[in-house]
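A.B. asks: Requesting a structural model of the entry that follows:
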Amino acid sequence: MIKFFLYISISLLVFNSSFAKNIDIQEDIKIGFVCELEKKILKNSEYNYKTFFAKDLENQNLEKFEIDAKQPEKLLINGLSLFLSQTAKFEVKVVNKDIVLFKAFDEGKNYSESGIINRKSGELVHEITIGIKSDNLEKNISFYLCS
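C.D. replies: Numbering: from 1, shown residues only. I've put the predicted structure just below:
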């Protein structure tokens with residue numbers, strides 16, 4: 001549990017520092033992963049950051065999660081969500097030998113998806129935020145272990 005909170009804290013620091021340089025693709029990669037859901041944290045009108053473990057949820061593993069990055073700024077994400085698979089307009093794109101970090105918004109900037117994957121450990125955090133401009137903000141944060 002402490003590992004996940006540390007990982008979230010580090011990813012938030014990376015997100016904040018990455019906004020100074022939103023696009024930083026340092027290497028070309030084309031890799032695929034199979035990811036197993038470990039837990040999900042929900043914040044909505046029913047739950048206030050309630051944690052659900054994979055054993056308590058229906059199978060939500062990722063059978064085919066792919067990352068395709070090319071210098072200087074191409075980044076494609078497939079298999080994580082339909083929204084990310086259909087957009088190439090990521091506001092944040094960071095790729096290096098250790099991590100891949102991305103963040104995308106819809107046109108109205110009321111919906112966003114972001115993620116960070118540690119390429120060495122295979123840990124993936126995927127966050128969906130709905131209703132950014134409303135009082136009823138919803139978050140869905142999923143933690144995966146990928147190989």
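A.B. asks: Now the residue positioned nearest the centre of the chain: which helix or strand?
C.D. replies: Centroid check for the chain by Cα atoms, centre = their mean gives G115 as the closest residue, at 1.5 Å. Following DSSP states H and E, the helix or strand that holds G115 is strand 111-118.
A.B. asks: Likewise for F83?
C.D. replies: helix 82-85.
A.B. asks: cool, and S45?
C.D. replies: Secondary structure (DSSP H and E) places S45 outside all helices and strands.
A.B. asks: For it, which non-adjacent residue is closest in space?
C.D. replies: N136 (6.2 Å; Cβ to Cβ, 6 or more residues apart in numbering). Bear in mind the C-beta positions are built from the backbone N, C-alpha and C, glycine included.
A.B. asks: Assumed that neighbour was part of a strand.
C.D. replies: No - assigned with DSSP: H, G, I helix; E, B strand; the rest coil, N136 falls outside any strand and is coil.
A.B. asks: Tell me how far the strand or helix carrying H126 lies from the chain's centre.
C.D. replies: Following DSSP H and E, one finds H126 within strand 123-130. Counting by Cα atoms, centre = their mean, to the nearest Å, strand 123-130 is centred 4 Å from the centre of its parent chain.
A.B. asks: ok, back up a step: could you pull up the mean pLDDT of the helix holding F83?
C.D. replies: The average pLDDT for helix 82-85 rounds to 93.
A.B. asks: Quick one: list the elements packing against it.
C.D. replies: strand 74-78, strand 99-105, strand 111-118 (3 or more Cβ pairs under 8 Å, 6 or more residues apart in numbering; DSSP states H and E).
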